[in-house]
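> Please work out how this folds:
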Amino acid sequence: MGIAERKIRQKEEFRASILEAAWLQVLTDGWQSLSIRKIADAIEYSIPVIYNHFENKEAILLEFTKEGFQKLGEALQGVKDQHQEPAVQLEAMAHAYWDFAFDHREYYQLMFGLGIPACEKVNQIVEMKNMTIIMISTIQETIATSSNKEADFFLKYHAYLSILHGLVSIQMMRKDGKPTEENRRILQDAISGFIKSLLV
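Next up, the predicted model:
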């Protein structure tokens, strides 16, 4: 291995150690506690060294945001691939979204902490855009099997995401924050109604 390759590898390894320390901090104390100083202390390096790899704390948060949307997109695509009918895919994706939110709570809170991301942000983050495309394409495919093929798929996408994000957010605001079977039935009822509205 040449000197240049070794430097690149060392840089990547150090970058990974920064992200690992940041993630451990989040798991221990939450997103609000994250700071460059605490990360530097954890990996025993000076603050300027951290800034050589990440411009600021927001750049670190962006890395985790991308990771979160990558994981969510993979989860949605995974369950979509298990079914043939678009309507069944939408239902399975809704449950996968729900499971992701509570299995990866820290990611989800960062990804949607300020509400549903705006279109401009979606277009800037590839992982977020890919996740959005999976949802939109499945809605389009469902509409194509209905009697109302002129339905506004983009409006329906926002309705679908609003149902999912709304139900997840309501549950996360509660003290225990742990979803029950009753919560799952509410999700199922809401998504069943949404899918019926697509197929009319």
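> In contact with the residue sitting nearest the centre point of the chain, which residues?
Using C-alpha atoms, centre = their mean, the residue of the chain that lies closest to the mean C-alpha position is Phe69, 3.6 Å off. By C-beta atoms under 8 Å, 6 or more residues apart in numbering, Phe69 lies in contact with Met111, Ile125, Glu127, Met128, Asn130, Met131. Bear in mind the C-beta positions are built from the backbone N, C-alpha and C, glycine included.
> Filter the residues you listed down to the buried ones, ChimeraX style.
In ChimeraX syntax, the buried subset of the contacts of Phe69 is picked out as below (16 or more other C-beta atoms under 10 Å):
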select :111,125,127,128,130,131
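> Quickly find the element holding the residue nearest to the centre of the chain.
Here Phe69 is covered by helix 57-80, with elements defined by DSSP states H and E.
> about what we covered before: skipping adjacent residues, who's closest to the residue nearest to the centre of the chain in space?
Spatial nearest neighbour of Phe69, chain neighbours left out: Glu127 (3.9 Å); criterion: C-beta to C-beta, 6 or more residues apart in numbering.
> what does Ile47 give?
Ile47 sits nearest to Ala40 (C-beta to C-beta, 6+ apart), 4.8 Å away.
> List the buried residues in the particular helix or strand that has that neighbour in it.
Using DSSP H and E, Ala40 maps to helix 36-43. Under the neighbour-count criterion of 16+ other C-beta under 10 Å, helix 36-43 has Ile36, Ile39, Ala40 buried.
> just checking, Phe54 touches Ile60?
Yes: if you go by C-beta atoms under 8 Å, Phe54 and Ile60 touch, sitting 5.1 Å apart.
> Strictly from the record, what residue spans define the domains of the chain?
1-54, 61-199 (the TED database).
> Quick one: distance of the longest helix belonging to the chain to the chain centre.
Longest helix of the chain, by residue count under DSSP state H: helix 3-29. Centroid displacement of helix 3-29 relative to its chain, using C-alpha atoms, centre = their mean, to the nearest Å, is 22 Å.
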